[in-house]
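Asks: below: sequence and its predicted model.
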Amino acid sequence: MFLIYSKETEGMTEEQANEIRRGHTSVLEETSRRGILLGVDRLHPTVTATSVRMSPEGPMITDGPFAETKEQLAGYYMLECADLDEAIEWAKRIPSGCRGSSGCIEIRPIDPIRKP
């Protein structure tokens, strides 16, 4: 899984936003063509989030993200990669979250939950 982190408050021009969309379209088309795309979604901004925390008194439900951070989880890709080297090559092509010093792509293996 490729977790895409970026700054929601960081402004960009319409042309920059279009360039990022074109980059995602390119990655989507190629991973689909190769048959390795398992899933992809963009998330709504963190202001739409609801967090549930368990306490001894029961669940506490609050609006907003779980923690204050400089970067927010913006979306994800799920790709079937042969190994970490291939995953890194795909991460380099994901355009969101990788502008300058802001944002990153976190690569994490999936550990499927097996049904008994």
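Replies: Received the coordinates, thanks. Numbering: from 1, shown residues only.
Asks: got a list of what Ile110 touches?
Replies: Each residue near Ile110 by CB atoms under 8 Å, 6 or more residues apart in numbering is listed here: 1, 78. Placement of C-beta: from N, CA and C, glycine included.
Asks: do you know how far it is from Cys104?
Replies: In this structure, Ile110 and Cys104 are 19 Å apart, going by CB to CB, to the nearest Å.
Asks: quick check: mean pLDDT of stretch 105-114?
Replies: The average pLDDT for stretch 105-114 rounds to 86.
Asks: any buried residues in that stretch, and which?
Replies: Judged by neighbour count (16 or more other CB atoms under 10 Å), stretch 105-114 contains these buried residues: 105, 107.
Asks: straight-line length of it, end to end?
Replies: 27 Å (CA to CA, to the nearest Å).
Asks: which residues in the protein form helices?
Replies: Secondary structure of the chain (DSSP state H): helices at 14-34, 84-93.
Asks: can you count the residues close to Ser26?
Replies: Applying other CB atoms under 10 Å, we find 12 residues neighbouring Ser26.
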